[in-house]
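Asker: After the sequence you'll find the predicted model.
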Amino acid sequence: MKHSGSVTLRMHESSLIDSILDSTTARQPHSLCEDSIAFILMAQSANDHIRIIREIIQSTKEIRNRLRQSIQDMKLSLNNLEHAQQRDILNTEYEMTVNVNKLKSNLFQLIHDQRDQNNQFDQWIVSLQQDCDDIQFQSDRMDQKLQNMCHKTGQYQYVDYDNYIQ
């Protein structure tokens with residue numbers, strides 16, 4: 001028969017082992033191995049050994065499952081990131097294409113407007129040239145008339161249209 005003090009001690013050890021096992025599930029795998037060996041050495045009966053080994057196996061399975069889930073989560077995050085990056089690239093390419101097309105359209109419109117303006121200037125130049133030719137023709141006619149009048153009257157000697165003397 002066991003003494004009641006040893007039962008209390010064993011319950012305390014079991015509780016201590018449980019709390020230690022719970023804390024090891026968040027530890028690194030190499031620490032878990034070291035702790036597992038320490039727990040097995042601390043066990044005082046075959047049942048404790050079996051229970052500790054089962055808890056270690058269960059803890060290892062849980063860690064493996066969390067690692068697998070973390071890997072799956074990382075893969076999903078990576079896929080989402082790749083899709084977002086591809087979407088951003090496509091959106092950027094689309095925006096650049098739209099902007100380039102707008103710039104082309106604006107440039108072609110500016111070129112067209114400039115050509116229209118150049119044509120209008122050319123027409124004004126031709127019109128002004130015709131006006132100048134008409135004015136020159138009128139000036140020549142007036143000069144001719146003035147010279148004829150000077151010859152007939154003999155009072156004025158013509159030098160030029162703006163400067164003439166008596």
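Answerer: Nice, thanks for sending it over.

Asker: Can you find the helix or strand of this structure with the lowest average pLDDT?
Answerer: Within the chain, confidence by mean pLDDT, DSSP states H and E is lowest for helix 4-24 among all helices and strands, at a mean of 50.

Asker: Show me the longest helix that occurs in the protein.
Answerer: The single longest helix within the chain, with elements called by DSSP state H, is helix 46-153.

Asker: per-residue confidence averaged over that helix?
Answerer: For helix 46-153, the mean pLDDT works out to 92.

Asker: which helices and strands sit right next to that helix?
Answerer: helix 4-24, helix 29-42 (3 or more C-beta pairs under 8 Å, 6 or more residues apart in numbering; DSSP states H and E). All C-beta atoms are positioned from the backbone trio N, CA, C, and that covers glycine.

Asker: would you say Gln44 is within a helix?
Answerer: No - Gln44: not assigned to a helix; according to DSSP: H, G, I helix; E, B strand; the rest coil it is coil.

Asker: Give me the neighbour count for it.
Answerer: Applying other C-beta atoms under 10 Å, we find 12 residues neighbouring Gln44.

Asker: Would you mind measuring from it to Leu128?
Answerer: Per C-beta to C-beta, to the nearest Å, Gln44 is found 119 Å from Leu128.

Asker: ok, now Asn91?
Answerer: Counting by C-beta to C-beta, the gap from Asn91 to Leu128 is 54 Å.

Asker: now Ser59
Answerer: Distance from Ser59 to Leu128, counting by C-beta to C-beta: 100 Å.

Asker: between those two, who's got more neighbours?
Answerer: Higher neighbour count among Ser59 and Leu128: Ser59, with 18 against 10, using other C-beta under 10 Å.
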